[in-house]
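Student: Attaching a predicted model along with its sequence, questions to come.
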Amino acid sequence: MDDSLRVRFAPSPTGALHIGGARTALYNWLVARGSGGALILRIEDTDRERSTAANVEQILDALGWLELDWDEGPISQHERAPRHRERLEELLASGAAYRDATTGAEVQAWRRDNPGRGYRGTPLTGAAAGGAAVRLRVPDGGETIVSDAIRGEVRFENALQDDPVIARADGSVLYNFAVAVDDADMRITDVIRGDDHLSNTPRQLLVFEALGEVPPRYAHLPLLHGPDGRKLSKRHGAASVQELREAGYLPAAVRNYLALLGWGAADDETILSTDELVHRFSIDRVGRAAAIFDEKKLRWLNGRYMREQPLDRYEAELAAYLERNEPAAATTFAAAPAAARLQACAIVSDKAQTVAEVWPLVAFLFTEPDIERVDEKVWRKVMKPGSRSLLRKAATVLAAIDPFDAETIERDLRGLIDAEGVAATRVLQPIRVAISGSNVSPGIFESLAALGRGRSIARLDRAIGRLGDALPGDDSDPG
RNA sequence: GGCCCCGUCGUCUAGUGGUGAAGACUCCGGAUUUUCGAUCCGGGAACGGGAGUUCGAUUCUCCCCGGGGCUACCA
């Protein structure tokens, strides 16, 4: 326990929260919650062109859905501009930073002509300094060492580093400067972020040094890649937290899965509740190699979480999912009695791996399938000569079943199957299609019980009607 | 190009100077079965390559190869 520990999650609102960003947030959160320390949420919006309020909303929304909370913030980095300016002036005054109007193209050209050296500008003074960017002076000798909890000591030779631009000509500061100032002001003790920032770290350390501040400890996480081994992006399917939510994953499952991407418990346990994660997670057990995001494993894990949910929780997740993605279905579902909603969840609970898969399987309990429009291929596959007769007999059996529950229905329908001497599938599949409009549904006995006697028989009758049109005279041929 | 990071089954991880290199997902086969799933059982599958250190390297060092990141008046 270390309640003096302060970590931060600092996303840039230039898009939705990516899976990689979500994992970074999670790791910071786990470290904070496991130590009694504080998590600060800081929005890195110094790029006014690309940062939008909508993106900030999306990020907050994604963190909320993941159930990751924070102790301070959200703090807009952009709103701290006066403070950044103040610190910048200090460096300008001390000579640690200077005005330089050289363009990027010119620096590149300079580097071509001066291989093995970092660019050093010539300070501009007086009127000439107007309209020039500000660079940080990097020492010509020695090295800057990043002491990283995951990578060990990473050394960067100062002579090789360019003097980085830390503020634009208009005075607005750049990322590497703002980050260092903010991390210092917010007394961040541990920076846990993506590996893509490792190369930025020496620049930030140099800012700390110039400012006379003590830098935090660092931990750079391995990046997340897509199945093709390249950096995770849109074309790999679900790449943002919102997409994960739309795909029907549960927040707890996503947290569990994300935690395992780059980290493993000492005993290599796979299923870990958030509580266990908080207790067992440790940054020095994080691996060094980039991890590939594999949705198959997430699906499996999610299925486990789905099945282990209590029924009322299951129902709430389904309702929330429908509300977000299928408003019409949400209304229909909400209008049904609570008992019916819970029963629907009960009969699919061991089938669906994601919340998105639930409604298509149980919609028939809440809306009438149009028997005349059942897919022709499905219909032909299931409805054979003799089906009409068997459905009639099944309807008769159903009419007499008492009580109308899954066990009794199964007992009596199996009695019919035995009496007819046919394969169970010849009786059960036509019933399935008749009541659900599909050849894929939850268990048939449970489905009949959930639907109730009246509606079940009515749907059987409707199917018999369609069969009468399609297969006239089939009654005489039991097949 | 320069600088930096990384490299155990297809994937995520565990692990050790001497192991039959372990688990999970996927995949394949089988069982169960009223559909799809789910479930159960079984199987296949890895230390990137080359030197060196060592009695012995997957483990330590170097080189190569491969992948990735940074190299912006982006973050």
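Tutor: In hand now; what should we look at?
Student: show me what contacts the residue in the stretch 201-350 of chain A that RNA strand B sits nearest to?
Tutor: Closest contact between the stretch 201-350 of chain A and RNA strand B, by CB to the nearest atom of the strand, is at A:Gly264 (2.2 Å). To be clear about C-beta, it is placed using only N, CA and C from the backbone, and glycine gets the same treatment. For A:Gly264, the residues meeting the contact criterion (CB atoms under 8 Å, 6 or more residues apart in numbering) are A:285, A:287.
Student: Same question for the one 10 residues further on.
Tutor: Residues counted as contacts of A:Thr274 (CB under 8 Å, 6+ apart) are A:67, A:252, A:255-256.
Student: quick one: low-confidence parts of chain A?
Tutor: A:1, A:233-238, A:469-479 (pLDDT under 70).
Student: just the strands in it please.
Tutor: Listed in chain order, the strands found in chain A under DSSP state E are A:6-9, A:38-43, A:72-76, A:97-100, A:133-136, A:143-148, A:152-157, A:165-167, A:190-194, A:217-221, A:224-225, A:291-292.
Student: Counting by contacts, list what the fourth one packs against.
Tutor: Packed against strand A:97-100 by the contact rule (3 or more CB pairs under 8 Å, 6 or more residues apart in numbering; DSSP states H and E) you find helix A:81-94, strand A:133-136, strand A:165-167.
Student: Give me the contact list for it.
Tutor: Outside strand A:97-100, the residues within contact range by CB under 8 Å, 6+ apart are A:88, A:91-92, A:121-125, A:128-129, A:132-137, A:163, A:165-167, A:210.
Student: Show me the strands paired with that strand, marking each as parallel or antiparallel.
Tutor: Looking at strand A:97-100 with DSSP bridges, its partner strands are strand A:133-136 (antiparallel).
Student: is the partner strand anywhere near RNA strand B?
Tutor: Yes: against RNA strand B, strand A:133-136 shows contacts by CB under 7 Å from any atom of the strand at A:Ala133.
Student: How far away from the center of its chain is that strand?
Tutor: 38 Å (CA atoms, centre = their mean, to the nearest Å).
Student: Run a quick neighbour tally on the closest residue to A:Arg414 other than its chain neighbours.
Tutor: Excluding the flanking residues, the one nearest A:Arg414 by CB to CB, 6 or more residues apart in numbering is A:Ala424, at 7.3 Å. Burial of A:Ala424 is recorded as 13 neighbouring residues (other CB atoms under 10 Å).
Student: A:Glu89 now?
Tutor: Based on other CB under 10 Å, the number of other residues close to A:Glu89 is 13.
Student: any idea how far it is from A:Pro82?
Tutor: Note on A:Glu89: its distance to A:Pro82, by CB to CB, to the nearest Å, is 11 Å.
Student: swap in A:Asp402?
Tutor: With distances taken as CB to CB, A:Asp402 is found 79 Å from A:Pro82.
Student: now do A:Thr274
Tutor: The gap separating A:Thr274 from A:Pro82 is 39 Å, by CB to CB.
Student: same check, this time on A:Arg33
Tutor: Distance of A:Arg33 to A:Pro82, given as CB to CB: 33 Å.
Student: more neighbours, these two?
Tutor: A:Arg33 (19 against 7).
Student: residue contacts, the more buried one?
Tutor: With contacts taken as CB under 8 Å, 6+ apart, A:Arg33 has the following neighbours: A:39, A:278.
Student: for A:Thr332, same thing?
Tutor: Taking CB under 8 Å, 6+ apart as the definition, contacts of A:Thr332 comprise A:366-367.
Student: and what of A:Gly287?
Tutor: Applying CB under 8 Å, 6+ apart to A:Gly287 gives the contacts A:150, A:222, A:262-264.
Student: again, but for A:Ala423
Tutor: Contacts for A:Ala423 (CB under 8 Å, 6+ apart) come out as A:Ile417.
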